[in-house]
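J.: Below is the structure, and that's it, no one-letter string:
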């Protein structure tokens, strides 16, 4: 079958075996001919993408640092996240209690990097499977998002609000005894 030559971490290698583009080029799955090369069976492709893809995905430097590198490498293009645009539009503040009320497939809000997004209509379109979204509905999910996405991916979505900073139970402050 053939394909791109890669190392154990998915780095694309040149003919001498050195990583291309200073180790910033990655490949998995069909582009590499699979881990079995010419002896590949058609049914192994999904397993290879899932198992080896997860391993390679964890070696790719994504997240805030990658977004900063992209911005600094091409200053003529704006790569500022929608977070900055959201601040300019004065979006409503959404506290954790309200966010948690949208934790279903029918109404899925997710807080990412101080903004809240309504991903209800995106659930079935997510390339990583609907469960990747439904598992984080109603939550702050920076860690889950940053593991597999760069910050500039959020540029494709308009936030519906900003996450309200709160102490303990967002707006519930008690002094003294409770009335029950």
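T.: Alright, I've got the coordinates. A quick note: this is a predicted structure, and the numbers were derived from the prediction, not measured. Numbers count the residues shown, from 1 in each chain.
J.: where does this protein dip in pLDDT?
T.: For the chain, applying pLDDT under 70 flags the ranges 1-2, 30, 33-55, 58, 61-89, 166-180.
J.: Repeat the analysis, applying 50 as the threshold.
T.: 36-40, 63-81, 83, 86-87, 167-180 (pLDDT under 50).
J.: which stretches of it form helices?
T.: 44-59, 64-73, 82-89, 96-100, 130-134, 142-148 (DSSP state H).
J.: So for the fourth one, what gets flagged as buried?
T.: Going back to what we said before, that points to helix 96-100. By neighbour count on 16 or more other Cβ atoms under 10 Å, the buried set for helix 96-100 is 96, 98, 99. From N, CA and C alone the C-beta is placed, and that goes for glycine too.
J.: which strands and helices sit next to it?
T.: strand 139-140 (3 or more Cβ pairs under 8 Å, 6 or more residues apart in numbering; DSSP states H and E).
J.: What pairs with the strand it packs on, parallel or antiparallel?
T.: strand 109-112 (parallel) (DSSP bridges).
J.: ok, residues contacting the strand it pairs with?
T.: Residues outside strand 109-112 that contact it (Cβ atoms under 8 Å, 6 or more residues apart in numbering) are 94, 99, 102-103, 116-120, 133, 136-142, 145, 154, 160, 163.
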